[in-house]
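K.L.:
I'd like to go over a predicted model; first the sequence, then the structure.
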Amino acid sequence: MSLHPDTLAAAPAATVPSAEQVLPLYEAPPQVSQLVFADKGPQDSNAGASAYPLGPHLFDAAIAAAGGGYTAATGIVARAGGLRPAATPLRAAINHITVCATAADSVALPAATGGQIIMVINTGAAAAQVYAAVGTNDVINGFSAGAGVPMAAASKEAFISPAPGLWFGILSA
């Protein structure tokens, strides 16, 4: 069947509903209150000041925003003598010990506050002794604060603090 142009002109126009007729048929999407997400963490208090303590700068948001990640330090020299009071403090999230000349030269983790992960890589010539932060009662793997744990040369270990005062080491193969 073919339609002649005169037939098309005589056909009734299709009825198209107006916007006023259609919009009430759809329910408006729910509005999310800005207050739903407010006052949920330290970022929501003290608007003019940093809500996070400076601490050992385990995560630097400026580095992450620039496409990087966690803070890192290399060229760390484990302190000769192997004692906790003189241990070289580890101040980054990723720490690379490049000089550990004699067995039990020492480094110290930051104070365990909970929610921290510290990576330590020892490429020195000897095993290092890793201590809890000087001046704290923090423990590593359940050992007393002054004991420390040995870390073999050419090894990697992640130290995790699940709660204040506690460190647990996960040794890499």
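P.N.:
Alright, I've got the coordinates.
K.L.:
For the chain, just list every one of the helices.
P.N.:
Assigned by DSSP state H, the helices in the chain fall at 5-10, 19-22, 61-65.
K.L.:
Could you give the bridge partners of the closest residue to residue 74 other than its chain neighbours?
P.N.:
Excluding the flanking residues, the one nearest residue 74 by CB to CB, 6 or more residues apart in numbering is residue 96, at 4.0 Å. For the C-beta atoms, the positions are set from N, CA and C on the backbone; glycine is no exception. With DSSP bridges as the criterion, residue 96 is bridged to residue 121.
K.L.:
Could you count how many residues lie near residue 96?
P.N.:
Residues lying near residue 96 (other CB atoms under 10 Å) number 17.
K.L.:
Same question for residue 116.
P.N.:
Residues near residue 116, counting by other CB under 10 Å, number 19.
K.L.:
List the beta-bridge partners for residue 88.
P.N.:
With DSSP bridges as the rule, residue 88 is bridged to residue 107.
K.L.:
and it, what does it touch?
P.N.:
Residues near residue 88 by CB atoms under 8 Å, 6 or more residues apart in numbering: 76, 77, 78, 79, 106, 107, 108.
K.L.:
what pairs with the fourth one across the strands?
P.N.:
With DSSP bridges applied, the residues forming beta bridges to residue 79 are residue 106.
K.L.:
And the pLDDT at it?
P.N.:
As summarised for this prediction, residue 79 has a pLDDT of 96.
K.L.:
Same question for the last one.
P.N.:
pLDDT for residue 108: 96.
K.L.:
Leaving out sequence neighbours, find the closest residue to it.
P.N.:
Nearest to residue 108 is residue 87, by CB to CB, 6+ apart, at 3.8 Å.
K.L.:
Return the residues in contact with that neighbour.
P.N.:
78, 79, 106, 107, 108, 129, 131, 134.
K.L.:
just for the chain, where's the confidence low?
P.N.:
Low-confidence segments of the chain (pLDDT under 70): 1-69, 173.
K.L.:
which residues in it form strands?
P.N.:
72-77, 88-89, 94-99, 105-108, 116-122, 128-131, 139-140, 149-151, 155-161, 166-171 (DSSP state E).
K.L.:
rewinding a little: now, the most widely separated pair of the contacts of residue 87?
P.N.:
For these, the maximum inter-member distance is 14.4 Å, found between 78 and 134 (CB to CB).
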